[in-house]
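Novice: Dropping a prediction and its sequence here:
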Amino acid sequence: MGASKVIHALYTDDDVLMSAVKTVKAEKHHIEEIYTPFPVHGLDKAMGLAPTRIAIAAFMYGCVGLTVATLMMNFIMIEDWPQNIGGKPSFSYIENMPAFVPIMFELTVFFAAHLMVITFYLRSRMWPFKNAENPDPRTTDDHFLMEIPVHDNEKQLKTLLTKTGAVEVHVIEKEAH
Amino acid sequence: MYTFSKRLKITSLVLIIVGAIGWISSYNSSHQLTLEDVKVLLAEENAHHGASEAHHEAGDAHATTATHSVNEDDHHAEEAHHGDEHAEHVLHQMHNRPYAALYVAAFFFMMISLGVLAFYGIQYAAQAGWSPVLFRVMEAITYYLLPGALIVLGIGLWAGDHLFIWMDPEVVAHDELIQGKSGWLNKTGFAIRGLIFIAGWSLYRYFSRKFSLAQDQADVNDNSNFKKNFRISAAFLVFYIYTESMMSWDWIMSVDPHWFSTLFGWYVFASMFVSGITVIALITIYLKSKGLMEFVNDSHMHDLAKFMFAISVFWTYLWFSQFMLIWYANIPEEVTYFITRIEDYKLPFFGMLILNFIFPFLVLMNSDYKRVPWFIVMAGIVILFGHYIDVFNMIMPATVGDRWFIGVPEISAVLLFLGLFLWVVFYALSKAPLLPKGNPFIKESEQFHY
């Protein structure tokens, strides 16, 4: 693949962007990507993206955390160095479980939260020292950018996007990655 | 506009009648029991598990430490009277059962109403934009609060020492711990405090409903009724959190007058809050299925289900906080509460954790399932049953000891109050349009989407 042409349309309001997305989708154009300064509610649905599976991953990470906590405390507090917990020296994990529940809970949350963030970064292809893909720094401030690939319909797209309330429309030669 | 259908009227009336007949017959049969009957019963039981007699004795001693500690002392001192004392004690517990069954059911339905009132107050005080479409359902449920709470207080006073042993002067005379608490735990104080709580809640409910209806009739630019509602709701919430806590000491915790827990008020609050929200969801789904609440969309149901999920977790957090500290410290006067429940109430005590935590946690965790009505209904029924068991576990061990069962008196009492609750709530629903069209947030609420 060589260079391809894309169109960049900039918006200054999330509501205008939302209705623009709906119009563009209704005209059966493919939206490559949208860059926004903050998460816009319902944008994924309007763009027709597949639903996220991060919740399933989070559940599994939580289960891993729960298992790690249980095995770890069973080894530390019961097997390796048996402890007298709360004046009840039963040396059994299940009988001392109330004392372990807070740690089991914390590690479940810890694993779910951290691994979920790491998964999100990896899936979004964000890692240290990576060059930003963001085509226009204003999208980190107060502008919204919609990127649409051009297939010999430059003019038609330009008029459509201007009509939807775009404040700027540029055609860009983009290196494929 | 909802009209109270004839079918529902008949259903609730039948529930009331069946429940009343069942409860009265079990009341009569328990009061015809004599000491001789109980002795025969005990002899039969001993024959059945003679081998485990030692264990039974130990369990019984724990079960009764809180209630009849006086009897317990005698019981050990005078071995000769041992059999009689024990039989009399069991007879008392059997007499207590219909009272306790009635009280548990009455409290359970009252607490649904009170939980909804708190939820409603929070919506106004927070000026919530998503919920106004549900206000009429909430107002209808809280209509039950005044009769329901008066019934609970009435049963408490009428049952007297069948439920609250500190109401028995004979017990107090021999019990220094209760004597020390008698400044708070006395019948006059109990009645006066109860009436103050009920008066405060009902006044708020009365004015809030009045302003809510007046706002519908007011001019588009006139939000004065809404503002009044905002102010009284904020004031009510302060009053509520104090009185709810004191109510839980008076109406529940004092059945075990030796025992205390400082987060008990919160614990009961979590229970009533989640039951109340669940009932809002169930009634809304019912009305929506009749095509009367088209303005309620999936996102409203999703939010109610989120609350059901979240408050179930919150309830578990408080249950565990209370349990773990007492378990860890292992102080005899505190830990006896849980020992009774673990030894004599193993199934309801731990079963409640499955019903109130694990089941709603797993069923309502998935975002999509929170929008499926039959999932909400299924989880809701389990949550309500679980919180009935929660109240059961709070009242029964102190009143009937190990003589518990979910049988005729318990089920009849639930049917009786279910019938009354349905009658009152659906009557109130039929009194006003289901959409509070004058609420300044109504447009936002109708368009609410997630």
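Specialist: Good, I have the coordinates.

Novice: Sheet-wise, list the partners of the lowest-mean-pLDDT helix or strand in chain A with their directions.
Specialist: In chain A, no helix or strand scores lower on mean pLDDT, DSSP states H and E than strand A:168-174, which sits at a mean of 86. Strand A:168-174 has its sheet partners listed here by DSSP bridges as strand A:4-11 (antiparallel).

Novice: pLDDT weak spots in the chain?
Specialist: If you meant another chain, say so; for now it's chain A. The model of chain A has pLDDT under 70 over residues A:1-3, A:175-177.

Novice: think we crossed wires, I meant chain B
Specialist: B:49-82.

Novice: What are the buried residues along stretch B:200-212?
Specialist: Buried residues in stretch B:200-212, counted by 16 or more other Cβ atoms under 10 Å in any protein chain shown: B:Gly200, B:Trp201, B:Ser202, B:Tyr204, B:Arg205, B:Ser208, B:Arg209, B:Phe211, B:Ser212. Heads up, the C-betas are built off the backbone N, CA and C, glycines and all.

Novice: Just the buried residues of the least confident helix or strand of chain A, please?
Specialist: A:Val169, A:Lys174.

Novice: For chain A, what lies in contact range of chain B?
Specialist: With Cβ under 8 Å from any Cβ of the partner chain as the criterion, chain A meets chain B at residues A:His41, A:Gly42, A:Ala55, A:Phe59, A:Gly86, A:Gly87, A:Lys88, A:Pro98, A:Ala99, A:Val101, A:Pro102.

Novice: how about the first one, secondary structure?
Specialist: Pointing back at A:His41 there. Here A:His41 takes the coil state, with states given by DSSP: H, G, I helix; E, B strand; the rest coil.

Novice: what's the closest non-adjacent residue to it?
Specialist: Leaving out its chain neighbours, the residue that sits closest to A:His41 by Cβ to Cβ, 6 or more residues apart in numbering or on different chains is B:Tyr450, at 7.7 Å.

Novice: so that neighbour makes contact with B:Met301?
Specialist: No. Applying Cβ atoms under 8 Å, one finds B:Tyr450 not in contact with B:Met301, separated by 10.4 Å.

Novice: residues near the closest residue to chain A within the stretch 151-300 of chain B, how many?
Specialist: Residue nearest to chain A within the stretch 151-300 of chain B (Cβ to the nearest Cβ): B:Ser299, separated by 11.0 Å. By other Cβ atoms under 10 Å in any protein chain shown, 15 other residues sit near B:Ser299.

Novice: try B:Gly265
Specialist: For B:Gly265, using other Cβ under 10 Å, the count is 21.

Novice: And A:Asp136, by the same measure?
Specialist: Neighbours of A:Asp136 using other Cβ under 10 Å come to 16.

Novice: and the gap between it and chain B?
Specialist: 30 Å (Cβ to the nearest Cβ, to the nearest Å).

Novice: Next, the nearest residue to that residue once chain neighbours are set aside: secondary structure please.
Specialist: In space, and not counting its chain neighbours, A:Asp136 is closest to A:Leu145: 5.5 Å by Cβ to Cβ, 6+ apart. In three-state terms, and counting by three-state DSSP, A:Leu145 is strand.

Novice: what's near enough to touch residue 107?
Specialist: Going with chain A. For A:Leu107, the contact set (Cβ atoms under 8 Å, 6 or more residues apart in numbering or on different chains) comprises A:Gly65, A:Leu66, A:Val68, A:Ala69, A:Met72.

Novice: Sorry, I should have been clearer: chain B.
Specialist: B:Val152, B:Trp251, B:Ile252, B:Val391, B:Ile395.

Novice: Swap in 7 Å and give it another go.
Specialist: With contact set as Cβ atoms under 7 Å, 6 or more residues apart in numbering or on different chains, B:Phe107 has these partners: B:Val152, B:Trp251, B:Val391.

Novice: State the helix or strand in which it lies.
Specialist: helix B:82-125 (DSSP states H and E).

Novice: could you give the angle of the next helix or strand after that helix to helix B:82-125?
Specialist: The C-terminal neighbour of helix B:82-125 among helices and strands, as given by DSSP H and E, is helix B:135-142. Here the directions of helix B:135-142 and helix B:82-125 differ by 150 degrees (axes from the mean of the first three to the mean of the last three Cα atoms, to 10 degrees).

Novice: Which elements pack onto helix B:135-142?
Specialist: helix B:82-125, helix B:187-217, helix B:264-289, helix B:408-429 (3 or more Cβ pairs under 7 Å, 6 or more residues apart in numbering or on different chains; DSSP states H and E).

Novice: Excluding chain neighbours, what is closest to the residue in the stretch 351-450 of chain B positioned nearest to chain A?
Specialist: Closest residue of the stretch 351-450 of chain B to chain A, Cβ to the nearest Cβ: B:Ser367 (6.8 Å). If the residues on either side of it in the chain are set aside, B:Ser367 comes closest to A:Ala55, at 6.8 Å by Cβ to Cβ, 6+ apart.

Novice: B:Leu434: what secondary structure?
Specialist: coil.

Novice: what about it, how many neighbours?
Specialist: 22.

Novice: With B:Asn186 instead?
Specialist: 14.

Novice: likewise B:Tyr240?
Specialist: For B:Tyr240, using other Cβ under 10 Å, the count is 22.

Novice: these two touch, right, it and B:Val116?
Specialist: No. With contact defined as Cβ atoms under 7 Å, B:Tyr240 does not count as touching B:Val116 (11.9 Å).

Novice: Now the residue nearest the centre of chain A: closest residue in space that isn't a chain neighbour?
Specialist: By Cα atoms, centre = their mean, the mean C-alpha position of chain A lies nearest to A:Phe120, the distance being 4.9 Å. Ranked by Cβ to Cβ, 6+ apart and with sequence neighbours excluded, the top spatial neighbour of A:Phe120 is A:Ile54, at 6.5 Å.

Novice: got it, and A:Thr36?
Specialist: A:Phe144 (5.0 Å).

Novice: Next one: that neighbour from chain B, what distance?
Specialist: In terms of Cβ to the nearest Cβ, A:Phe144 sits 20 Å off from chain B.

Novice: Beta-bridge partners for that residue, please?
Specialist: Beta-bridge partners of A:Phe144, as defined by DSSP bridges: A:Tyr11.

Novice: so it touches A:Pro39, yeah?
Specialist: No. A:Phe144 is beyond contact range of A:Pro39, at 11.7 Å (criterion: Cβ under 7 Å).

Novice: Which of the two has more residues huddled nearby?
Specialist: Between A:Phe144 and A:Pro39, counted using other Cβ under 10 Å, the more crowded position is A:Phe144 (26 against 8).

Novice: so who does the more buried one touch?
Specialist: A:Leu10, A:Tyr11, A:Asp14, A:Leu17, A:Ile34, A:Thr36.

Novice: cutoff 6 Å now
Specialist: A:Tyr11, A:Leu17, A:Thr36 (Cβ atoms under 6 Å, 6 or more residues apart in numbering or on different chains).

Novice: Out of the residues you listed, which comes closest to B:Val414?
Specialist: Distances from B:Val414 to these, taken as Cβ to Cβ, are shortest for A:Thr36 (53.0 Å).

Novice: Just give the number of residues close to the closest one.
Specialist: Residues near A:Thr36, counting by other Cβ under 10 Å: 16.

Novice: how much space is there between it and A:Lys25?
Specialist: 17 Å (Cβ to Cβ, to the nearest Å).

Novice: again with B:Ile155
Specialist: In terms of Cβ to Cβ, B:Ile155 sits 62 Å off from A:Lys25.

Novice: So for those two, which sits in the more crowded spot?
Specialist: Remark: of B:Ile155 and A:Lys25, B:Ile155 carries more neighbours, 21 against 14, as counted by other Cβ under 10 Å.
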